[in-house]
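In: Sequence first, then the predicted structure, then my questions.
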Amino acid sequence: MAILSANLASSAALALILVAASLCLIEAKQFGIGIEIGSRGRPRQREFDYFNLALQWPGTYCQRTRYCCPNNACCRGSNSPAVFTIHGLWPDYNDGSWPACCTKKSFDEKEISTLLDPLEKYWPSLSCGKPSSCHGGKGSFWGHEWEKHGTCSAPVTGDEYNYFLTTLNVYFKYNVTKVLNEAGYVPSNTEKYPLGGIVSAIQNAFHATPKLVCRNGAVEELHLCFYKDFKPRDCAGGSSSSSDMLFSGSSCPNYISLPAYASLGAGNVESEVSWVPEDVDLRWVDRL
Ligand code: AMP
């Protein structure tokens, strides 16, 4: 009897291990992760192929804002960002997938304390929400970007401090806002610009093709891609440079807008955006 129950217990344990292992593989497949076995027998994600510097256009992103809190740069009134800001530096695979949450290292804001000024300005949170961290729970936007993407960039960018510093340096070196302004693509709530013209301006400046992401015909994100040595490369996979092929899957129409920032929150008496303190659970505010 004792032997039978021991057998049953070990079969149940084996079944649990198999279910857990197959769940891990399903999750890994969603991210397109190449699973390799690390030196201690733990699954490890294959090293990435290239970097994607994902930038956001606050004029479009901030149109989503319904609440304000001190942490949300959309709520800085006339001091809100009027340039492309950083979403993250993402390590990607050539097949369009990416690794995520590569190590157990948690975000520690103290490590980047000397970078806070430029980060607040050029890598601000544009939301009061708290994105998920890799280890359960929710945290800051910077914490999300470091844990999800930064830990997978580590073979090139190193520790947390160097991930943020490298990203800022690449962002300053490849100044998309300046390139577009100089080509006449300035923020406007009335103009529409040819997608091909915006892409050409960036191709001429950086000799590589960016990827644009739109929401309701307005630029929301612009991605610049780099080899691992930070030389620019095309974001689209494959060798074709035909613009028809590059943009056939784009979320942007042929003519797109670059909305000027619409003042929200602080300093705007006509604002319909409500202010909530940082620590309020926004699921409840939603119902107010
Ligand atoms: P990612 O996983 O890097 O694509 O980031 C997506 C998560 O970050 C989602 O939870 C988004 O709502 C959130 N997010 C994206 N951009 C921002 C931003 N500028 N500020 C705060 N949260 C953001």
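Out: Thanks, I have it.

In: Would you mind listing what in the stretch 101-250 of the chain touches the ligand?
Out: Counting by Cβ under 6 Å from any ligand atom, the positions of the stretch 101-250 of the chain adjacent to the ligand are Ser125, Leu126, Ser127, Gly129, Pro131, Phe141, His144, Glu145, Lys148. C-beta: built from backbone N, CA, C; applies to glycine.

In: Quick check: the gap between Pro99 and Tyr122.
Out: 25 Å (Cβ to Cβ, to the nearest Å).

In: which residue ranges form the helices in this protein?
Out: Secondary structure of the chain (DSSP state H): helices at 2-30, 58-61, 116-122, 141-145, 151-157, 160-173, 176-182, 195-206, 243-247, 282-285.

In: How far does the fifth one sit from its chain's centre?
Out: If you compare the mean C-alpha spot of helix 151-157 with that of the full chain, they lie 15 Å apart, counting by Cα atoms, centre = their mean, to the nearest Å.

In: Could you report the neighbour count for the closest residue to Ser127 other than its chain neighbours?
Out: In space, and not counting its chain neighbours, Ser127 is closest to Asn72: 6.0 Å by Cβ to Cβ, 6 or more residues apart in numbering. Per other Cβ atoms under 10 Å, the neighbour tally for Asn72 reads 25.

In: likewise Asn94?
Out: Neighbour tally, Asn94, other Cβ under 10 Å: 10.

In: any idea how far Asp234 is from it?
Out: Counting by Cβ to Cβ, the gap from Asn94 to Asp234 is 11 Å.

In: my read: Trp142 touches Phe107, true?
Out: Yes: judged on Cβ atoms under 8 Å, Trp142 makes contact with Phe107 at a distance of 6.6 Å.

In: neighbour count winner among these two?
Out: Taking other Cβ under 10 Å, Trp142 and Phe107 do not tie; Trp142 has more neighbours (24 against 20).

In: wait, what's in contact with the more buried one?
Out: In this structure, Trp142 makes contact with Phe107, Glu109, Ile112, Leu119, Trp123, Ser125, Phe164, judged by Cβ atoms under 8 Å, 6 or more residues apart in numbering.

In: Return the members of the residues you listed classed as buried.
Out: Phe107, Ile112, Leu119, Trp123, Ser125, Phe164 (16 or more other Cβ atoms under 10 Å).

In: for the closest residue to the first one other than its chain neighbours, what are its contacts?
Out: Looking back up the chat, that one is Phe107. Closest residue in space to Phe107, ignoring its immediate chain neighbours: Gly143 at 3.4 Å, by Cβ to Cβ, 6+ apart. By Cβ under 8 Å, 6+ apart, Gly143 lies in contact with Ser106, Phe107, Glu109, Pro131, Ser133.

In: re earlier: just name the closest of the contacts of Trp142 to Leu222, please.
Out: Nearest to Leu222 among the contacts of Trp142: Trp123, at 14.8 Å, using Cβ to Cβ.

In: Quick check: the closest residue to Pro91 other than its chain neighbours vs the ligand, distance?
Out: Nearest in space to Pro91, with sequence neighbours left out and distances taken as Cβ to Cβ, 6+ apart, is Phe48 at 3.3 Å. Between Phe48 and the ligand the computed distance is 14 Å (Cβ to the nearest ligand atom, to the nearest Å).

In: from memory Phe48 sits against Asp95, does it?
Out: No: counting by Cβ under 8 Å, Phe48 stays clear of Asp95, with 11.2 Å between them.
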